[in-house]
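Student: just need the structure, nothing else, for what follows:
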Amino acid sequence: ELTAGYYNLDDRDGYRTIARMLKRHHASLNFTCAEMRDSEQSSEAKSAPEELVQQVLSAGWREGLDVACENALGRYDATGYNTILRNARPKGVNKSGPPEHKLHGFTYLRLSDELLQGQNYVTFQTFVKRMHANQ
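Tutor: As a prediction, the model looks like this:
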């Protein structure tokens, strides 16, 4: 990140600089931890994954990039999936056409036997259907 020009200050969005550089090189932006929530992190870590994901994706959209995401952890619960959905379409589903901001792609990491069993698979199927809403 530092090599790409990243540093975040109160008046400077470090990821916007990276997004501009990616735009100049006709690249896209792919970011991780789309399923993570601030409230699920240890207070000692001072981690804010929701804010981080929003900052990175917003920087990409403002620069006109194709923006994609992936999950970082193996999660099989509706809360994690709903967090991904909020990041995929932060302004929700648009009844009159495609949403203003949406992910260009999403990579689901951690395909496992646990995912494909019982309620985990049913919850995953619902998530996939909801990801394709309004497409």
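Student: do you know how far Thr17 is from Arg62?
Tutor: As judged by Cβ to Cβ, to the nearest Å, Thr17 and Arg62 stand 12 Å apart. C-beta coordinates here come from the backbone N, C-alpha and C atoms, glycine included.
Student: same deal with Arg86?
Tutor: Arg86 is 18 Å from Arg62, by Cβ to Cβ.
Student: neighbours of Gln54, how many?
Tutor: Neighbour count of Gln54, defined by other Cβ atoms under 10 Å: 14.
Student: which SSE is it in?
Tutor: Here Gln54 sits within helix 49-62, counting by DSSP states H and E.
Student: dead centre of this protein: give me the residue that sits there.
Tutor: Against the mean C-alpha coordinate of the chain, by Cα atoms, centre = their mean, the closest residue is Ala34 at 3.7 Å.
Student: ok, the closest residue to that one other than its chain neighbours - how many residues close by?
Tutor: With sequence-adjacent residues excluded and distances taken as Cβ to Cβ, 6 or more residues apart in numbering, Ala34 is closest to Cys69, at 3.9 Å. A total of 23 residues lie near Cys69 under the criterion other Cβ under 10 Å.
Student: so for Thr17 and Arg62, which residue has more residues nearby?
Tutor: Thr17 (18 against 15).
Student: distance of the more buried one relative to Lys23?
Tutor: 11 Å.
Student: same check, this time on Arg130
Tutor: 30 Å.
Student: how about Ala34?
Tutor: Distance from Ala34 to Lys23, by Cβ to Cβ: 21 Å.
Student: likewise for Val53?
Tutor: Relative to Lys23, and taking Cβ to Cβ, Val53 is found at 19 Å.
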